[in-house]
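Engineer: Just a sequence and a predicted model for now, questions to come.
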Amino acid sequence: MRKIASWQSIIDKIQSKLQAWKSSCLSRAGRLTLIKAVLNSLPIYYLSLFSMPKKVTKEIIRLQRRFLWNVDKTGRVLPLVKWEIVQQPKCKCGLGVGDLVIKNTALLFKWWWRYASEENSLWRKVVQSIHNEDAAILPSSSLSKIPGTWHSIKKTLLEQKPATQLFFQHLKLSVGNGNKVRFWEDQWAGNFSLKEKFPSLFRLSTQKSAMVSAMGWFEGTLWKWSLAWKKELSQQEAELMANLIDLLSHHFPLPTQEDSITWKGKKEYSAKIPQHLLNMEMEVEVDRMVCSVWMKLVPPKVEFFMWLALLGKLNTKEMLYKKGLLSANQTSCTFCGSHLESLDHVLLHCPFSWRVWNSIADDLGQKLVSHSTFKQFYNACLSVQWRSKGLKKIWVSTLFAVSWRLWMVRNELIFQGKELNLAEVYHSIRWRVAEWTRAWKAKPPYKVDDLARNFSTIPAIMQ
């Protein structure tokens, strides 16, 4: 499965699902949902058996990027956010699309888990016979010369050293009689193998592939270790030997129990767990304020918009000028026409925008203080204390509604040639907030039209 031609059917299916005409019919949040649905269904069988070639990974990511950010009239894609950020979980400022390589690795590790937990299965016995695997619970770290799916899985996972280490750190190998646990290679005496902890002693050992049970014997109920070496140990090696014996004094076989393996915190392995752990291990600068947009109080497309706004990635005229798509004389604010249309100006500092903010805030009994950036203003609004959770949710929804409506009005003026109607802007903001409350789990006990028409009385009726 190293040939791209072997994966062409998957690429073709993904391309058919993520066509450009579908992108133009969906909001960005809708495109995101479809991308996740396609990624979590079509290639899963292949990803759980074969290592995905880098060229295939790049092609699938290219299709995803084109679909999410849409293609302009010239056929170019102008991504607003780097794909490395988009792939990250929402708790790390991303959109939760997921990293294909991490997903592939987590799914392949499931075969190591199944090998360890399905001891009497026919497929394991076939693998042991073909690839000369011993009787240990876990597969060996050596590769046989026989090609095939199992050889490819082992090679891929052994090459992914950080992922492999993380996998073994979350496995708990419990020694019973020691018949199926390797003394030097398996991590049975801590979050490390004795081979890694004492490399010089491992090189001198004549029992490199021995099981724990073969490294000593019982004298009554007391276990005695018996370690054999190629030569007499030097003073430094003898000190290491003393450290090894001290470590082994806390770990020894139990004759009446069987060796077993469990996943830390749970009995069964799930590919989602290492996938989450590997995502968390990636060093990405996290802005908790950006992560706060996913509250499920407003529609996903509005959350997506606010995510872009807090990242400073909206296509304002200033942004388009920097990208070389507008000239310097085309960058004035759509509302006031007297300032550069930056994100902070159009959503906050413009006299028209600030007037809308103050009018809606007055309805809810709030006095606003201007800030130098929209991001600071957003943070200040989230910090406002309310007497009840219901009022807090209304206030946060209003924050999203005003920002969203200001941006929509700006687009309508540019692309549809509409006239600015302040009364309509106020009405649509209040109506949207009232309408969004119907999707909450704890719905206010009022009708949508009642909330919209009596918006200024919300603080009194929802105490």
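Structural biologist: Thanks, I have the structure now.
Engineer: what ranges do the helices span in the stretch 351-463 of the chain?
Structural biologist: 351-363, 374-382, 389-411, 422-436, 448-453, 458-461 (DSSP state H, counting those that start in this stretch).
Engineer: Please tabulate those in TSV and include distance to residue 30 as additional columns.
Structural biologist: In short, each C-beta sits where N, CA and C put it, glycine included. Listed next are the helices of the stretch 351-463 of the chain as TSV, based on distance: least, Cβ to Cβ, whole Å:
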stretch	distance to residue 30
helix 351-363	27
helix 374-382	24
helix 389-411	16
helix 422-436	17
helix 448-453	23
helix 458-461	30
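Engineer: Serialize the ones you listed to a markdown table and add fields for mean neighbour count and distance to residue 345.
Structural biologist: Below are the helices of the stretch 351-463 of the chain laid out as a markdown table (neighbours: other Cβ atoms under 10 Å; distance: least, Cβ to Cβ, whole Å):
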| stretch | mean neighbour count | distance to residue 345 |
| --- | --- | --- |
| helix 351-363 | 17 | 8 |
| helix 374-382 | 18 | 9 |
| helix 389-411 | 20 | 11 |
| helix 422-436 | 18 | 17 |
| helix 448-453 | 16 | 29 |
| helix 458-461 | 16 | 29 |
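Engineer: how about the ones you listed in TSV, adding mean pLDDT and distance to residue 78?
Structural biologist: Below are the helices of the stretch 351-463 of the chain laid out as TSV (pLDDT from 0 to 100; distance: least, Cβ to Cβ, whole Å):
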stretch	mean pLDDT	distance to residue 78
helix 351-363	96	25
helix 374-382	96	22
helix 389-411	96	16
helix 422-436	95	28
helix 448-453	88	37
helix 458-461	83	40
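Engineer: Can you point out the buried residues in stretch 57-67?
Structural biologist: Counting neighbours by 16 or more other Cβ atoms under 10 Å, one finds that the buried residues in stretch 57-67 are 59-61, 63-67.
Engineer: how close does residue 32 sit to residue 428?
Structural biologist: To residue 428, residue 32 is 25 Å away according to Cβ to Cβ, to the nearest Å.
Engineer: where are the low-confidence patches of the protein?
Structural biologist: Residue ranges of the chain with pLDDT under 70: 1, 72-75, 265-267, 283-284, 286, 463.
Engineer: Domain ranges for it, per the record?
Structural biologist: For the chain, automatic domain parsing gives the domain ranges 4-80, 171-263, 288-461.
Engineer: can you give me the strands for the stretch 251-400 of the chain?
Structural biologist: For the stretch 251-400 of the chain, the strands defined by DSSP state E, counting those that start in this stretch cover 260-263.
Engineer: What is the neighbour count of residue 205?
Structural biologist: 19 (other Cβ atoms under 10 Å).
Engineer: what's stretch 241-258 in contact with?
Structural biologist: 175-178, 188-190, 194, 197-198, 201, 212-213, 216, 218, 223, 225, 227, 233 (Cβ atoms under 8 Å, 6 or more residues apart in numbering).
Engineer: May I have the distance across that stretch, first residue to last?
Structural biologist: Stretch 241-258 has its terminal residues 28 Å apart, counting by Cα to Cα, to the nearest Å.
Engineer: Now that stretch: buried residues?
Structural biologist: Buried residues in stretch 241-258, defined by neighbour count with 16+ other Cβ under 10 Å: 241, 244, 248, 252-253.
Engineer: Report the contact partners of the residue positioned nearest the centre of the chain.
Structural biologist: Centroid-nearest residue in the chain: residue 89, 2.9 Å away (criterion: Cα atoms, centre = their mean). Shown in contact with residue 89 (Cβ under 8 Å, 6+ apart): 96, 276, 279-280.
Engineer: one more time with 6 Å
Structural biologist: 96, 279 (Cβ atoms under 6 Å, 6 or more residues apart in numbering).
Engineer: Quick check: residue 217 is in a strand.
Structural biologist: Yes. Counting by DSSP: H, G, I helix; E, B strand; the rest coil, residue 217 is part of a strand.
Engineer: Against residue 181, how distant is it?
Structural biologist: For residue 217, the distance to residue 181 equals 16 Å [Cβ to Cβ].
Engineer: Of these two, which one has the most company?
Structural biologist: Legend: neighbour count by other Cβ under 10 Å for residue 217 and residue 181, higher for residue 181 (25 against 12).
Engineer: so that one touches residue 188, yeah?
Structural biologist: Yes. In this structure, residue 181 is within contact of residue 188 by Cβ atoms under 6 Å, at 5.1 Å.
Engineer: shared neighbours of these two, anything?
Structural biologist: Joint contacts of residue 181 and residue 188 (Cβ under 6 Å, 6+ apart) are residue 175.
Engineer: Now do stretch 363-381: distance to the chain's middle.
Structural biologist: Its chain's C-alpha centre and that of stretch 363-381 lie 31 Å apart, by Cα atoms, centre = their mean, to the nearest Å.
Engineer: okay, how far is it across that stretch, tip to tip?
Structural biologist: Stretch 363-381 has an end-to-end distance of 15 Å (Cα to Cα).
Engineer: any idea which helix or strand carries residue 102?
Structural biologist: helix 100-117 (DSSP states H and E).
Engineer: Can you name the next helix or strand after that helix?
Structural biologist: Toward the C-terminal end, the helix or strand that comes next after helix 100-117 (DSSP H and E) is helix 122-131.
Engineer: ok, and for that following helix, which residues are buried?
Structural biologist: Applying a neighbour-count criterion of 16+ other Cβ under 10 Å, one finds 124, 127-128, 131 buried in helix 122-131.
Engineer: Sort out which one of the residues you listed lies nearest residue 395 for me.
Structural biologist: residue 124 (58.1 Å; Cβ to Cβ).
Engineer: who touches that closest one in this structure?
Structural biologist: Residues near residue 124 by Cβ under 6 Å, 6+ apart: 115, 118.
Engineer: got the buried residues for stretch 146-157?
Structural biologist: Buried, per 16+ other Cβ under 10 Å, within stretch 146-157: 150-154, 156-157.
Engineer: correct me, but residue 109 touches residue 167?
Structural biologist: Yes. If you go by Cβ under 6 Å, residue 109 and residue 167 touch, sitting 5.3 Å apart.
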